[in-house]
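In: This is the structure alone, sequence omitted:
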């Protein structure tokens, strides 16, 4: 027998032996089915470490932004102008021999000049108006007040409602920047004025422009 014949016969016998060998346990038909893959647990179930956004996150972020507002600093800035305007008017009452408790209301006309109203004689009224209109410091302080005080009043009321009742004002949330560098008083005043104009002044409870702003001295409720 040749070597080639012997190799072919040995190969055939080896192949037959493989075919007759029993299949390993667990393979082929009838084998037990693999355990089903574990179903994913719903978010929030015990053992689940996935983050589920909460509906309160937006409100929390708004609170964090508003808490960073330098309200004491804003009030101090506005308070300086308030004190100057108040003292100037009191000085005018004394200068024209009017009662210290006389009620005065100061606003600006369409032309931008200072107007005074109240229970005072017409001649004294005209003199006081003239004095105030030539007083640049007074006009500048009053002009700043007519813009800054309404903004500060809006923010202060919104924050008080938030603290007392947990009510977030969406307009305040829009007004405040996440970057504290852009939350200076003038930044807030500018954004407040833009929001007021676009949203409608009635939503703010404010007049359409700062010409309707009035400073009241000795006003009685």
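Out: Great, that's in hand. Predicted, not measured: the structure shown is a model, and the values here were computed from it.

In: any idea how far residue 159 is from residue 129?
Out: Using CB to CB, to the nearest Å, one obtains 37 Å as the distance from residue 129 to residue 159. Using the backbone N, CA and C atoms, a C-beta is placed for each residue, glycine as well.

In: I meant to write residue 173 there.
Out: Taken as CB to CB, the span from residue 173 to residue 159 is 12 Å.

In: do you know how far residue 100 is from residue 91?
Out: If you go by CB to CB, the gap between residue 100 and residue 91 works out to 11 Å.

In: more neighbours, these two?
Out: A count of neighbours by other CB atoms under 10 Å puts residue 91 above the other of residue 100 and residue 91, at 11 against 8.

In: longest helix of the protein?
Out: helix 136-165 (DSSP state H).

In: Can you list the helices and strands that that helix packs against?
Out: Under the contact criterion of 3 or more CB pairs under 8 Å, 6 or more residues apart in numbering; DSSP states H and E, helix 136-165 touches helix 57-67, helix 71-95, strand 104-108, strand 114-118, helix 122-133, helix 170-175, helix 185-199.

In: buried ones in that helix?
Out: Under the neighbour-count criterion of 16 or more other CB atoms under 10 Å, helix 136-165 has 138-139, 141-152, 154-155, 158-159, 162 buried.

In: now do stretch 89-100
Out: Buried, per 16+ other CB under 10 Å, within stretch 89-100: 89-90, 92-93, 96, 98.

In: Need the phi and psi values for residue 217.
Out: phi -110, psi 130 (degrees, to the nearest 10).

In: for residue 215, same thing?
Out: Taking degrees, to the nearest 10 as the convention, residue 215 sits at phi -100, psi 130.

In: So that it lines up with my notes, have the first residue be 571 from now on.
Out: Done: numbering now begins at 571, and the last item shifts to residue 785.

In: what's across from the nearest residue to it once chain neighbours are set aside in the sheet?
Out: Nearest residue to residue 785 in three dimensions, chain neighbours excluded: residue 676, at 4.7 Å (CB to CB, 6 or more residues apart in numbering). Beta-bridge pairing for residue 676 (DSSP bridges): residue 686, residue 785.
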